[in-house]
Each structure stands twice: as structure tokens, then as C-alpha cells.
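Participant: The sequence isn't on hand, but the structure is:
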């Protein structure tokens, strides 16, 4: 083990690596429990549970690639364990502040995915006050010469602000995010006038926008779509070339029945992505750089073919937006099916698109086709289907609607989740 340099012995980050900070997590896998209940050994063969373990990941991907592989496999308890082990190995090098903060964020996100809120709160309490004076770089000039500001990563502060939402206290989480927005705006104003911090000039405004998007997500969770649209509209006014923000705004407009503004947003996205810069610039000019209150500016782009769309940067965004308009605005389920089919052809196995296509087939009265689509994806890509709760819930519902046998439903769903689901899946979506 490394020897602690006396210069760093009093750094507060050393406390962040001590074993006393961590809570031991009991091994549990809700998916495995559900499979065991649904397939008692007396019934015969039970689907084999497959979940990537730490030793397997390290053997297959090496120590450097193991953590990423475990996250990709949705093996979150192993992720939390690896993050803890690596943090404890840093006890002799507490000056590696950035590495410590990154690993803590990984561990907390893993605990969030496992819904271990009490564990999160206990560990955060043991870490102490993030605003303590000794957690500032300038308090330790011998260890961090010339460096200033808080040692605590901004991403950790965002995580703490969002934490109340995990237990249903969404308004409290929104208040916390707005507190961070206020701080970020103050820092943006400060760095903008400080020549020594010019490299941070774009960082804080970007963080403000990300925090505002976090507020939007929480408002959508509250089903306050009108306020979510208002916040998104403010973000989009400063990011008129951001296709993701404009698409999000258009979809929220559809939720409240504001079809003209939704179409305007989607038309502008197509003008941006498909190369019609003149139309995009005209749209921004005619609205003074603001999102309009009525449709106008960018002309409809319906003349673009699927081949044209496939060559743009985000064909999935364009086709999904078109499908949403057909579903929510026009009730044209057949056209929505066509757009989603084109999307799946371009991005095979896209779980949200397949799920939405199944819903479209259901609305056209074709239950068998809807079930077939979801079954096919689940069989071909269990790791994709097994980690999409909405898809699994719809597949279980379609089994019921199609009058399929309970045993077939049980075996299909059990096989999918045993092979592909992570340990963060809530088995209640299986309706078994």
C-alpha cells in the first residue's frame, strides 16, 4: 500500500476514504427473488439469472474497464462495491480530490439506482458539511498551490439537491435546484469579469441550463406541463440551435395540447438537422431569437425523405418528433407506425421506439402485431428489453389482452429479466 505523504495528512478528503464513512450493503437482487417465486423448483427448469459480477468484469475487461462494464450491465450493487473499494485505496492519496469526487458520485448514483435512500442519507451525513471551510482548496495552499474554490464537485451538490425527489418530496428538490441555479449565476457573473478564469466563462452558463432542465424533469414528474413548458421556453430562447431542447419543448407543448407551437419547434429542429440553415435562421430572426407563442418561422419539412433524414446527425430525433405529432396532434396512428418503423430500421432495437410502435399497433386494433413486436425485441435483445420497465409492463399487459396463457407469459417475462435485467429493475412492472 502507498505511504501517506505528511503534507496531505490533514486534508479533509482523507475522511471521505475511511471505512467508517461507508454503510455495508447486504446482497440483494429483487429480480432474482421474483424469478425464484415465479419458478419454484417443483415446476421444473428455472431460468438462469445472469448478472455481471465484479470478478467476471475484471477478468474480461481488466481493472480499468471493469467499472464501466458493470455500469453498462446495470449491475449496480457491484458498481457501488467497486467504487467503495477504490475510494478506500485512495486513503493514502487524499490530494487526488477529483478522483475521490468522481468515485463518490458513481457510488451515490449506484445506491440511487438500487433505491437505497437511507444508505445514501447516512453516508452523506457522515461526509459532513459540503460548505465547511476546510473543504476549500485555498485552505490548504501547501497541498494545492494556486488553486481555489470548493473541493466538492458541483455534480455532487446537484445529486444532494435532487435527493428529496427520491422519496416524493419533489417541491423540495426543485427548491434545492433553484438554490444551485442562483449560485451558478453568481459564479457565471464573477468568472465573466475575471481574466484569470476565462476558461470557466462558458462552464457556469451551461450548468445553469442543465439545472433548469433538471427542474423541467421534476415538473414533468409532477405533471405540471404548463410550467415545464414555460421553463423550457426560457432555456430554448438562449439555445435556438439546440435540437434536443427544442424537441423537448415541442413534446411538452403536445402534452398541453399546444399543437401549433409544437409543430414550430419540430419544424425548426428539422431545419437545423437537415441542413436548411436559411429556414432555421429565418425562424430565429422572425421571432427575435425567442420561441414564438404561435406557429410560424420555419416551414414544414415534410418533403424530406427517409433517405435524407438518415444522413442527418439525429435521424431518431426527427422521426420520433414526427411520430409524436401524428399520435398526439392528429390521431393518425398509421402514419405514426410508419415513422416509428423507419426509425427502428435506422436504429435497430431502439427500445422506446419499439414500445411506442407497439402502442400504435394497439390503437389501430392490432393487438397481435403489437405483441409480436415486443416479443421479437425481447427475444433478440434481452439486455435492452430487460432494462426498459415500460416495455416490460406493456408486454405483460399485451399478454393479458391477447388471452395468452398465464404460463407462457410467466416463462417469457421470467426468461427475459433473468437473462437481461439489471439489479435495479422493479419486478412489479412484470405483473407476475
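Facilitator: Right, received. Where do you want to start? What you are looking at is a predicted structure, and each value in this text was computed from that prediction instead of being measured.
Participant: Show me where the stretch 151-300 of the chain dips below the pLDDT cut-off.
Facilitator: Confidence mapping of the stretch 151-300 of the chain against pLDDT under 70 gives the ranges 192-201, 276-300.
Participant: quick check: longest helix of this protein.
Facilitator: The single longest helix within the chain, with elements called by DSSP state H, is helix 170-193.
Participant: what residues does the next helix-or-strand element following that one touch?
Facilitator: Helices and strands here follow DSSP states H and E; after helix 170-193, the next one along the chain is helix 203-221. The contact list for helix 203-221 (CB atoms under 8 Å, 6 or more residues apart in numbering) reads 154, 158, 162, 165, 170, 173-174, 177-178, 180-181, 184-185, 187-188, 191, 225, 227-228, 231-232, 234-235, 238-239, 245, 248, 252. Any C-beta I mention is one placed from the backbone N, CA and C, and that applies to glycine too.
Participant: which of the residues you listed count as buried?
Facilitator: 154, 158, 162, 165, 170, 173-174, 177, 180-181, 184, 187-188, 191, 225, 228, 231-232, 235, 245, 248, 252 (16 or more other CB atoms under 10 Å).
Participant: what are the ranges of the helices in the stretch 301-432 of the chain?
Facilitator: 306-310, 315-324, 333-346, 351-363, 367-380, 382-385, 389-401, 406-420 (DSSP state H, counting those that start in this stretch).
Participant: Turn these into JSON lines, columns for mean pLDDT, distance to residue 20 and mean neighbour count.
Facilitator: Formatted as JSON lines, the helices of the stretch 301-432 of the chain follow (pLDDT from 0 to 100; distance: least, CB to CB, whole Å; neighbours: other CB atoms under 10 Å):
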{"stretch": "helix 306-310", "mean pLDDT": "86", "distance to residue 20": "55", "mean neighbour count": "15"}
{"stretch": "helix 315-324", "mean pLDDT": "94", "distance to residue 20": "47", "mean neighbour count": "22"}
{"stretch": "helix 333-346", "mean pLDDT": "93", "distance to residue 20": "51", "mean neighbour count": "20"}
{"stretch": "helix 351-363", "mean pLDDT": "89", "distance to residue 20": "41", "mean neighbour count": "22"}
{"stretch": "helix 367-380", "mean pLDDT": "87", "distance to residue 20": "44", "mean neighbour count": "18"}
{"stretch": "helix 382-385", "mean pLDDT": "88", "distance to residue 20": "37", "mean neighbour count": "20"}
{"stretch": "helix 389-401", "mean pLDDT": "89", "distance to residue 20": "36", "mean neighbour count": "19"}
{"stretch": "helix 406-420", "mean pLDDT": "86", "distance to residue 20": "37", "mean neighbour count": "19"}
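Participant: just checking, what packs against the longest helix of the chain?
Facilitator: helix 154-162, helix 203-221 (3 or more CB pairs under 8 Å, 6 or more residues apart in numbering; DSSP states H and E).
Participant: got a list of contacts for the first one?
Facilitator: Residues outside helix 154-162 that contact it (CB under 8 Å, 6+ apart) are 101, 104-105, 108-109, 112, 124, 130, 173, 176-177, 179-180, 207, 211, 214, 218.
Participant: Give the buried subset of those residues as a PyMOL selection command.
Facilitator: Of the contacts of helix 154-162, the buried ones go into a single PyMOL selection, burial set by 16+ other CB under 10 Å:
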select buried, resi 101+104+105+108+109+112+124+173+176+177+180+207+211+214+218
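Participant: tally of neighbours for residue 41?
Facilitator: Applying other CB atoms under 10 Å, we find 8 other residues in the vicinity of residue 41.
Participant: What of residue 54?
Facilitator: 18.
Participant: which residues sit in contact with residue 275?
Facilitator: Residue 275 is in contact with residue 312, counting by CB under 8 Å, 6+ apart.
Participant: Residue 122 touches residue 24, doesn't it?
Facilitator: No - assessed by CB atoms under 8 Å, residue 122 is found out of contact with residue 24, at 10.9 Å.
Participant: more neighbours, those two?
Facilitator: More neighbours surround residue 122 than the other of residue 122 and residue 24, with 14 against 8 (other CB under 10 Å).
Participant: quick one, helices of the stretch 51-200 of the chain?
Facilitator: 54-72, 76-89, 97-113, 117-127, 154-162, 170-193.
Participant: for those, which one sits closest to residue 309?
Facilitator: When those are compared for distance to residue 309 using CB to CB, the nearest one is helix 54-72, at 28.4 Å.
Participant: what's the average pLDDT for that closest one?
Facilitator: Averaging pLDDT along helix 54-72 gives 95.
Participant: elements contacting that helix?
Facilitator: By 3+ CB pairs under 8 Å, 6+ apart, helix 54-72 packs against helix 76-89, helix 97-113.
Participant: Let's see that with 7 Å instead.
Facilitator: Under the contact criterion of 3 or more CB pairs under 7 Å, 6 or more residues apart in numbering; DSSP states H and E, helix 54-72 touches helix 76-89.
Participant: Quick check: buried residues in the helix it packs on?
Facilitator: Buried residues in helix 76-89, defined by neighbour count with 16+ other CB under 10 Å: 76, 77, 78, 79, 80, 81, 82, 83, 84, 86, 87.
Participant: What residues does the closest residue to the second one other than its chain neighbours make contact with?
Facilitator: Think residue 77. Computed as CB to CB, 6 or more residues apart in numbering, the closest residue to residue 77 that is not its neighbour in sequence is residue 423, at 5.5 Å. By CB atoms under 7 Å, 6 or more residues apart in numbering, residue 423 lies in contact with 29, 31, 51, 75, 76, 77, 114.
Participant: For those residues, work out which two are farthest apart.
Facilitator: 51 and 114, at 12.8 Å, using CB to CB across the contacts of residue 423.
Participant: So which residues make contact with the longest helix of the chain?
Facilitator: With CB under 7 Å, 6+ apart, helix 170-193 has contacts from 157-158, 161-162, 164-165, 197, 200-201, 204-205, 207-208, 211-212, 214-215, 218, 221-222.
Participant: again, but for stretch 4-23
Facilitator: The contact list for stretch 4-23 (CB under 7 Å, 6+ apart) reads 84, 87-88, 90-92, 94-95, 97, 100, 104, 119, 122-123, 126-127, 134-135, 140, 142-143, 151.
Participant: make it 8 Å
Facilitator: For stretch 4-23, the external contacting residues (CB under 8 Å, 6+ apart) are 84, 87-95, 97, 100, 104, 119, 122-123, 126-128, 132, 134-135, 140, 142-143, 151.
Participant: from the residues you listed, which would you call buried?
Facilitator: The neighbour count (16+ other CB under 10 Å) marks 84, 87, 90-95, 97, 100, 104, 119, 123, 127, 135, 140, 143, 151 as buried among the contacts of stretch 4-23.
Participant: pretty sure residue 422 contacts residue 75?
Facilitator: Yes - counting by CB under 8 Å, residue 75 is a contact partner of residue 422 at 6.3 Å.
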